[in-house]
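Participant: Fold the following, please.
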Amino acid sequence: MVFVSAPSPPFPASIPLRGYIEGKESVEKLVKERFPSSFTILKPSVIYGNQPGAHPLISTIRAFGPLQEPLMTKTPLHNFSG
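Facilitator: Below you'll find the model as predicted:
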C-alpha cells in the first residue's frame, strides 16, 4: 500500500489547512493499522501543477513549483539518478 500524504506545514500556514492535514493524518493511521507490514507513506514537500478547485493557499504554493524545480534538480544527489 502506498499513500501520498502531506507534511504538516509550519504555523500560520497550518491554520487554513487544518482539516486537510487532520484528514491526511487520519488516513495515515488507518493505513498503518490495515497494512502493518506493507505500507509506504510519501510526504512530498511540494506537488505543483493545475488543480481546479484547490484551496487558494494550495494554488499559490503550486504556482511557485516551476520556480523551485531548477533548485531541486541541481543537487549533488541528482548526479546519482542517472
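Participant: nearest residue to Pro44 other than its sequence neighbours?
Facilitator: Val4 (7.1 Å; Cβ to Cβ, 6 or more residues apart in numbering). Placement of C-beta: from N, CA and C, glycine included.
Participant: Just to check, that neighbour is in contact with Val31?
Facilitator: No - Val4 is beyond contact range of Val31, at 10.8 Å (criterion: Cβ atoms under 8 Å).
Participant: which helices and strands sit right next to the longest helix along the chain?
Facilitator: Longest helix of the chain, by residue count under DSSP state H: helix 18-34. Applying 3 or more Cβ pairs under 8 Å, 6 or more residues apart in numbering; DSSP states H and E, we find helix 18-34 packed against strand 2-4, strand 40-42.
Participant: Direction included, what does the first one pair against?
Facilitator: In the sheet containing strand 2-4, the strands it pairs with under DSSP bridges are strand 40-42 (parallel).
Participant: worst-scoring helix or strand of this protein, pLDDT-wise?
Facilitator: One helix or strand of the chain scores below all others by mean pLDDT, DSSP states H and E: helix 65-73, with a mean of 61.
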